Each structure stands twice: as structure tokens, then as C-alpha cells.
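Q: Give me coordinates for this.
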Amino acid sequence: MFKNYLKIASRNLIKKKGYSFLNIGGLTIGMACSILILLWVRNESSYDAFHENADEKFRLTAQANADFKAAVSPVGMVLGLGEEMPEIKESLLLSKPFDALMEVQGTKFKENAVFYASDNFLQFFNYPLLEGDPNTALVAPNGIVITESTAEKYFDKNNAMGQYITIDNGDSFMVTGILKSLPSNSHLQFKAVLPMAYIANRDQDLIDKVWNSFDFYGYFQFEKEAVQSPEAFARTIEKINTIYAKRQPDFEIKFDLQAIKDIHLHSSNLQIDVPGHGNSLYVNLFLIVAFVILIVACINYMNLATAKSSKRAKEVGLRKVVGAGRHQLILQFLGESLIISFLSLALATILVYLLLPSFNDLTQKVLSPQFNDPFIVVSMLAMAIVTGILSGSYPALFLSGFKPVRALKGKLIFSKYNQFFRNGLVISQFAISVLLLIGTMVIYDQVNYIRDKNLGFDKSNLIYIPMEGEMFDKQEALKSALTQNKLTSDFSIISDIPANLVTGDFNVSWEGKDPNLQVLFPSIRSDERFLEVFQMQLLSGSNFSKTSFENHDYLVNETTVKTMGLTPEQAIGKNLRFRGNSGTILGVVKDFNFKPLQHAMEPLIIQHHKGGRYAVVKIAPNTIKPTIAALEEIYGRLNPAYPLTYNFMDAHLDAQYKGEQQMGAVFNVFALLAIFISCLGLYGLSAYMAEQRFKEIGIRKVLGASSLKLLHMLSKDYLKLILAAFVLALPIAWYIMDLWLQEFAYHIEIQWWMFASAGFILLVVALSTVSFQSMKASMANPIKSLRTE
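A: Numbers count the residues shown, from 1 in each chain. Just a heads-up that it's a prediction; the model follows:
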């Protein structure tokens, strides 16, 4: 029986090539899109699952208030909890990532992802070692573990063990381990790891084992019983907070545990963290996109199959006359649908291979087909089966329900329900397309908004240089050299890059402060040129003078003044105690964004300081190349051991929204593909409906109907369906995109023109598709259509 069904399906595919092309083409594109999204989602959802006992491993996070959450912890707490809580099997301390100048035999490279880690780093995290012992590689203070790519960069990979690498023109470290290339689905990405023992006697936090300075990442492995159930997990967190409260009763900080498998997708609300995380919202959103694209392709099949049902009516009638039951006919048509579905899956797999390099470029991923992954294989097979059954179910039920006598005579009566259902499918198809189009416009507008928003300072034509090596101690000489050159004389020395400030302090007080008020005050240290170089607006008071640092004078932003319950004018001259130093508020600066735009405005204290970690130079128009050349000369003269490294401020700030830009690009591609698939189906459906009304068109033309009137007659029903789809999509699109926009403290408002533009684009595309077939039918010679009458 199956062999017979296979033969019939094959004959139908070959006989109706155009129909087959539209069905298989739509399903192939839909499945290929869904597989690509599935590969991306699989990668995003699998971060850090490769570590042994990953379900027992957690990272400590801290929450200072409703707005400030961070992944960093105090050194003393990470070490102390391991001693006070027997349910902790293992503790790990990890520094923040830093840049390091590495040198081997005169060859120098700047590496931007280096960590200090506890000696159990390679036991806690199961990164595979090509060479070395994970138990001892990070024990010696002068050891270093490097990745395979780093080893190839500096040495012949096979000869790297035991060789020495000089760090920051200082001490040399012996290679004690070589890691295999890091998995792309690890939340930690690095070039090298140095022993925490190296800074154990240099870092004051490590020496004092402090409980009130948040500068390290803390990881723990717990006994399974301590974290297995929600109740046990809650008790463990409560115990951690109780221990901290006893040590630091003056600080109202709450701690939480974050499973390492959740770090990549659930850290968007953490202001201090390692870079490169994803977002669970995007994963869920693209899963929905994959599903709806597949639904659009299925609707194509269902619509075309039911529309062409009259062509197979006699076949159904004949089969029923010779004894075929309805269940046999249902199986036959479902079988045909499944054959088409699996054929489409095979073609989609080939298409995925071809498109994957471009998709990787678009998403900045290194995805592979992974057809050896049981999850991917089962998902693809399930996709083909569900698609086949879903797209073939209604046509199978519809065709198998024909009365044999009417079917053989060709006198079929299609109920209003059938027409209503088919129209509903078309409406659903185009509602999805409208939804994706609106989503694309909102994302595009939001990305442009955050890129172009006035941050409260001028980010253009600013170049910043980190103070490295000897330069940190030669800042006065650097200032003198920069001042003497006209190209570099407009500069400022600062401690942190604006719009990327993540540190803060609770130790702030003033006269009349509510003792119960606990507010985190971020701060930045700068010289007296800061406001001028960044073109910030001073609302009241005065700027720093060259001697302001001697008196601990401060500049504050508007939000600080509001927190104090004062106006900008009232705040001038008020005493402010910050980090144990008492000083006077000299001026109030108009609020500017010193954090990414996902975060709301916070108080800010600007301290006057002679030195800093960055030199920022304002470049005059059309002088970029000579200015960089001048900086290279100055830097090379003052700090010859280090190559000049620099970045443009606007590029650095724009890079903070790289994830949103990528998401917008991917969303745009899939929205266009969904519309294309919909138009494929609409093209086939309109062609068939025009064919069905071929004689009617001929009669109308003979009676004097113009081509324009015939075009209107054939297109008006589709216009109604498109308008219905537009109305259906509006509230859904508004709800979903408003939910996404809430991720940003600063965001656009959804505008009416976004909906209107999406509707207009879809209307033009859909009517163009329908009009092509309608015009073709209306231009046909009426004699041909009436010849058989």
C-alpha cells in the first residue's frame, strides 16, 4: 500500500511541476530558516553545560539596590564561605579580565582577555588540556596556562611547554599548560590564565581578605542536596546572606547564586560582569520566529492543496467507488504530505550547509551543522513529521470527505466553512508577516536611537589611550608633550570611560541625609579639562581649578542633587563626605549617560585628580592621521616598551549595542523570508483561482469588461484579507515590541507610522504578486476560454 502511495505522490509531483515547486520551495525555505535558528538557539542554550557536575556549580552575585546588580564579590567572602559552609565542596576565585602585553623573544602582542585564577581553576572548570597537569598547572606563582591559539601565535605549538612569556615588560612566566581551543559555548573566553598566587602578596584585597570590596568573581560547587530542590536552594542563599550580614552589618547587600549554565543568557541585568553574554529574551523571540516561519510554509501547502482539490475530485470518487475507505484516503494524502515534507527537509539540509557561513557572519557565531547531535537530529525529524501532518491534515480531511457521485460528475459544492477556513489561513499568514515587519522597524529604530542619542556629551572625534607601563608614572611628562603639540593639545586625563562606568560606593554622606537612605554613588576621577573636552554642560557653580584636588572639591550631576533634595543652585558650597574625605560641591553638571542605555540615570560624583587611567584627545576635523602619528611619536618617546594602543570613543560606545544590532539584522532577514514564503503561496493560490475563473473572465471581456475592472474583480478579495491580517497583527506586534523596549531605560515610543509602513509594504508586495496573475488572466484572449462552451 505504501509503495502505491509513493508512486502516486511521485506522479503528482512530476505532473504538477509548478504546484510542486511552490509547495516544496516554501517548505524548504521555512525548514532551512527554522534549522538555522535551531542551531543558534542550541548554541545559546548550551553554554557551560560541558563542565562536569555543572548543575552543582554556581556564581555568587550581589544586589546593592533595585537598580544595581553585579557578578563580583568580596575576596574574603568567597574564601570565608568555603570555611563556614560545609555544603560547599569547592570555591574558586577569579579576577576581572585585563589586558596584558605579552612578549616572547622580542615579539610583542597585546592580549585583551587574561585572568588571575585560583590554583583549582582547571579542576573546577573542565577545559581540556592538550599538555600539562590540571592539578598543578596554576600552583606555582610564575606559571601560565595559555590556549592553543596563543601557543601557535608565540611558539611552535609542540614546543610551547616550559617556554617563558614576559608579561607587561616585567616578570616572566613559564608555560605550564596548553588548553585546547576553548568551546565557543563557554561564558569565559580568554587567551591566558595566571596564578592567583602571583598577586597574593601584591593585591591589598587578597592580603586583607576583605568583605567590603567587590573586585573578584566567586564560584562555588555545592553538595547536590544543598541546591537540588527550590527549598534547599533558598535555605542556602539565606545562609549566605546571614553570614555576610554578621560580617558587614552596615551594608544592606543581598547575594544570590547564579547557576553557571544560566550565566550566558540571564546576566543582562548585571552591571559588572565578563563581556559577551546573550539574552534569554532573544532566544525566546527567535524560537517564536522559527515556529511562525514554519507555520507560514505549512499554510502555503494547505491553501494550495485545498484550492486544487477539484483537480483530484474524480480520483477520490473513483477510489471510493472501488472500496477505499475514508481512513485510507486520509492516510494516502497524509503520506503524500509527509513525502513532500521529508523531501523538503533533505533540500533544507543542503540549503543550511550553503547558508551557514553567511549566517555565522550575521550572528558572529561559529556554528556547525551538528547533525551528529541527537537533539538536532530528533528535532529535525520531528519538524518534518509535524510539518507533514500539520500541512496535510486539513487537505486530507477535506478531500476524503467528497461524495463519490458528485466527485465523479465534477459537481462539487464548497461550503462557506471551507472558504472561511482558507481565508483564515491566508489572514494568519500575512498577519505573521506584518508582525515581523513591525518588529523589524521597531528594532531598527531603537538601535538607531541608542546609537544617535545625545548622551549629554560629545563622543565624536575623541580618541582615548590607556596608560600602560611607564606611562602611568610619566603622566606629567605626557601632559607636557600633549600640550606642546597643536594636534594633541585638547586633551583630558580620566579614570574611566564615560558611558561605561560600573564601579560605585555607598560611603557617601551629607548634612541632613536620611540615615536609612542607601544609594550607590558611581564616581569618576578627572582633571580640570574634562568638561571642556567632552563638551558637558555646567548648570551651576564652577569647574575644577588646577588646585581643586588639594581640597577634595567635587562636581556632581543633577541626579545627585535631586537625591540630596536640593536644586543645582542650592547644592553649591555644600559639604559632601565621600570615601572618608570631606569636600565641597563646586559645580553641578547636567546629567549625562555614564552607563549603557539599558540603565536609568544614577547619581555621579566627579573627583578632581591629577592622574588617571586614560588620556582622551579631541581630534580637530580632518586631522585624524596626523594626530595619530603625533600620538605615536609622543608615546614611543615616553613609553618605548609598549606599542601605542588607542580606540575611538564613538566606536567603543556603539559596540555596547552590538547584540541589538545583530538581532535587528537577523530579524530583518527572517522577516523578509517570511514575506517571500507568503508570496510564494499567494502567487500559486492567485494563479489557480484565476484559472478557475478563466471562462468567467472570458465572458466578462466579451460583454465589455476592461482589463482594469477584471483586475479589480480578481484582487479585491485579497485586499480584504490583507487588511484583516493587518488589523489582527497590530495588538500582538505592539505588545511584543513594547515588552522588548522595556529592556532599555531609554527607548523610543512605538509610532503609528511603523504600523502604517508595515501595512503599506505588505499591501504593495501582496497586491503586486496577485496583480501579476490577475493581469495575465485579464489580458488572455477570451476566444480561448469560450471555445469549449
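Q: Nearest residue to Ala724 in space, please, no chain neighbours.
A: Among residues not flanking Ala724 along the chain, Ile427 sits closest, at 4.9 Å (Cβ to Cβ, 6 or more residues apart in numbering). C-beta here means a position set from N, CA and C on the backbone, and glycine is covered the same way.
Q: in the helix or strand harbouring that neighbour, what's buried?
A: Assigned by DSSP states H and E, Ile427 falls within helix 416-452. By 16 or more other Cβ atoms under 10 Å, the buried positions in helix 416-452 come out as 422-423, 425-447, 450.
Q: what's downstream of that helix, the next helix or strand?
A: Where DSSP H and E defines the elements, the next helix or strand beyond helix 416-452 is strand 462-466.
Q: Quick check: beta-bridge partners of Ser91?
A: Taking DSSP bridges as the rule, Ser91 bridges to Phe220.
Q: How about the helix or strand containing Ser686, which residues are buried there?
A: In the assignment (DSSP H and E), Ser686 maps to helix 658-692. Of the residues in helix 658-692, 659-671, 673-675, 677-690 count as buried by neighbour count, 16+ other Cβ under 10 Å.
Q: cool, and stretch 205-223?
A: 205-206, 210-212, 214-222.
Q: taking the residues you listed one by one, which sit in strands?
A: 214-222 (DSSP state E).
Q: Return the closest of the residues you listed with respect to Gln258.
A: Of all those, Gln258 sits closest to Tyr219, with 9.7 Å by Cβ to Cβ.
Q: can you give me the strands for the stretch 451-600 of the chain?
A: 462-466, 491-494, 508-510, 523-526, 538-541, 554-557, 575-578, 581-589 (DSSP state E, counting those that start in this stretch).
Q: Out of the ones you listed, which one sits most buried?
A: Sort those by mean neighbour count, taking mean count of other Cβ atoms under 10 Å, and strand 554-557 sits at the top with a mean of 25.
Q: ok, it: who's next to it in the sheet?
A: Using DSSP bridges, the strands paired with strand 554-557 are strand 581-589 (parallel), strand 605-608 (antiparallel).
Q: The last one: what's the following helix or strand?
A: Just to be clear, that refers to strand 605-608. Downstream of strand 605-608, the first helix or strand assigned by DSSP H and E is strand 614-618.
Q: mind listing what that following strand pairs with, with the direction of each?
A: In the sheet, strand 614-618 lines up against strand 462-466 (antiparallel), strand 491-494 (antiparallel) (DSSP bridges).
Q: Switch the buried residues of stretch 205-223 over to a markdown table; also include distance to Asn500 and pLDDT.
A: Output for these, formatted as a markdown table (distance: Cβ to Cβ, whole Å; pLDDT from 0 to 100):
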| residue | distance to Asn500 | pLDDT |
| --- | --- | --- |
| Asp205 | 22 | 84 |
| Leu206 | 26 | 87 |
| Val210 | 25 | 87 |
| Trp211 | 27 | 88 |
| Asn212 | 24 | 82 |
| Phe214 | 17 | 85 |
| Asp215 | 17 | 86 |
| Phe216 | 20 | 93 |
| Tyr217 | 19 | 95 |
| Gly218 | 23 | 96 |
| Tyr219 | 25 | 97 |
| Phe220 | 29 | 97 |
| Gln221 | 32 | 96 |
| Phe222 | 34 | 96 |
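Q: Please report the distance of the residue nearest the centre of the chain from Tyr449.
A: Geometric centre of the chain, nearest residue: Gly659, 4.1 Å, by Cα atoms, centre = their mean. Using Cβ to Cβ, to the nearest Å, we find Gly659 at a distance of 15 Å from Tyr449.
Q: and what of Ile253?
A: Taking Cβ to Cβ as the measure, Ile253 falls 34 Å from Tyr449.
Q: and if you look at Thr769?
A: Thr769 is 33 Å from Tyr449, where distance means Cβ to Cβ.
Q: centre of the chain versus stretch 68-77, how much separation?
A: The chain centroid and the centroid of stretch 68-77 are separated by 25 Å, computed with Cα atoms, centre = their mean, to the nearest Å.
Q: ok, the nearest residue to Ile243 once chain neighbours are set aside - how many residues close by?
A: Once flanking residues are discounted, Ile243 sits nearest to Glu84: 5.7 Å by Cβ to Cβ, 6+ apart. If you count neighbours by other Cβ atoms under 10 Å, Glu84 ends up with 13.
Q: what phi and what psi does the backbone show at Glu84?
A: Here is the backbone geometry of Glu84 (degrees, to the nearest 10): phi -90, psi -20.
Q: Same check on Ala200?
A: Dihedral pair for Ala200: phi -60, psi -30, per degrees, to the nearest 10.
Q: Skipping its backbone neighbours, what lies nearest it in space?
A: Counting by Cβ to Cβ, 6+ apart, Ala200 lies nearest to Leu206, which is 5.3 Å off, once chain neighbours are set aside.
Q: Quick check: the one you found touching Val75?
A: Yes: contact criterion Cβ atoms under 8 Å: Leu206 and Val75 qualify, at 5.6 Å.
Q: which residues touch Gln163?
A: Going by Cβ atoms under 8 Å, 6 or more residues apart in numbering, Gln163 touches 104, 154-155, 174-175.
Q: Kindly report the same for Leu345.
A: Contacts of Leu345 by Cβ under 8 Å, 6+ apart are 31, 380, 383-384.
Q: Most neighbours among those, which one is it?
A: Most neighbours among the contacts of Leu345, by other Cβ under 10 Å: Met31, with 28 neighbours.
Q: list the contacts for it?
A: Contact analysis of Met31 by Cβ under 8 Å, 6+ apart lists 294, 297, 344-345, 348, 383-384, 387.
Q: So it belongs to a strand, correct?
A: No: counting by DSSP: H, G, I helix; E, B strand; the rest coil, Met31 is not part of a strand but helix.
Q: State the distance from the nearest residue in space to it that is not next to it in sequence to Leu576.
A: Closest residue to Met31 apart from its sequence neighbours, by Cβ to Cβ, 6+ apart: Ala348 at 3.7 Å. From Ala348 across to Leu576, the span is 64 Å (Cβ to Cβ).
Q: any chance of the strands paired with strand 614-618 in TSV, with mean pLDDT and distance to Ser358 too?
A: Conversion of the strands paired with strand 614-618 to TSV gives the following (pLDDT from 0 to 100; distance: least, Cβ to Cβ, whole Å):
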stretch	mean pLDDT	distance to Ser358
strand 462-466	93	33
strand 491-494	94	41
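Q: any chance of those strands in a markdown table, with distance to Ser526 too?
A: Formatted as a markdown table, those follow (distance: least, Cβ to Cβ, whole Å):
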| stretch | distance to Ser526 |
| --- | --- |
| strand 462-466 | 13 |
| strand 491-494 | 5 |
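Q: which one is Ala54 nearest to, not counting chain neighbours?
A: Using Cβ to Cβ, 6+ apart and skipping the chain neighbours, the partner closest in space to Ala54 is Lys261 (5.5 Å).
Q: Burial check on the one you found, number of neighbours?
A: Count around Lys261 with other Cβ under 10 Å applied: 20.
Q: and if you look at Arg637?
A: When neighbours are counted by other Cβ under 10 Å, Arg637 registers 10.
Q: ok, now which ones touch it?
A: Ala481.
Q: secondary structure element for it?
A: Using DSSP H and E, Arg637 sits within helix 624-638.
Q: buried residues in that helix?
A: For helix 624-638, the neighbour count (16+ other Cβ under 10 Å) marks 627-628, 630-631, 634-635, 638 as buried.
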